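Participant: Quick one: sequence and predicted model below, then my questions.
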Amino acid sequence: MLKEAKEVCPTSTQDLIRDGALLVDVREPSEVEAVAFDVPNIVNIPKSQLEQRWSELPRDGQLVMVCQTGERSLKATYFLQFHAYENVAKMSNGLGKWARRGFPIKGKPAAIVTTGNTPLSCCGS
């Protein structure tokens, strides 16, 4: 039985990145080309390819699954948990909240599509 997916906010994700976590962007290549996370330790494995490529991801470090709004990253997190990945979390509210927090991105911010009105604050701040 799968446990509930661990969720981290963009601020906590920044800390995890500094500690060596790998961001796994599960958006499609065209989305990444338009606007992307600007971090040193990131890989793009689209959700549509995850079933074929999941074994490319390391098991010995922290993985943070990211996408546009948080929906695909949640599914990807559960998929990896099903395959016995233990150090995996999803970033809440995706690239939209990341960008609104002023964290680094590359590309055209106007290409970010969000759903709903997620608050600017995260991690209890």
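Facilitator: That came in fine, so what should we check first? Everything quoted here is computed from the prediction, not taken from an experiment.
Participant: Show me the residue sitting in the middle of this protein in space.
Facilitator: residue 66 (1.3 Å; C-alpha atoms, centre = their mean).
Participant: ok, that one touching residue 73?
Facilitator: Yes: between residue 66 and residue 73 there is a contact at 5.4 Å, judged by C-beta atoms under 8 Å. C-beta here means a position set from N, CA and C on the backbone, and glycine is covered the same way.
Participant: which neighbours do those two share?
Facilitator: By C-beta atoms under 8 Å, 6 or more residues apart in numbering, residue 66 and residue 73 have these common neighbours: 26, 90, 91, 94.
Participant: Paired strands for the stretch of helix or strand the second one belongs to, with orientation please.
Facilitator: Just to be clear, that refers to residue 90. Assigned by DSSP states H and E, residue 90 belongs to strand 88-91. Using DSSP bridges, strand 88-91 pairs in its sheet with strand 6-8 (parallel), strand 63-66 (parallel).
Participant: Of all the residues in the lengthiest helix in the chain, which ones are buried?
Facilitator: Determined from DSSP state H, the single longest helix within the chain is helix 71-82. Of the residues in helix 71-82, 72, 73, 74, 75, 76, 77, 78, 79, 80, 81 count as buried by neighbour count, 16 or more other C-beta atoms under 10 Å.
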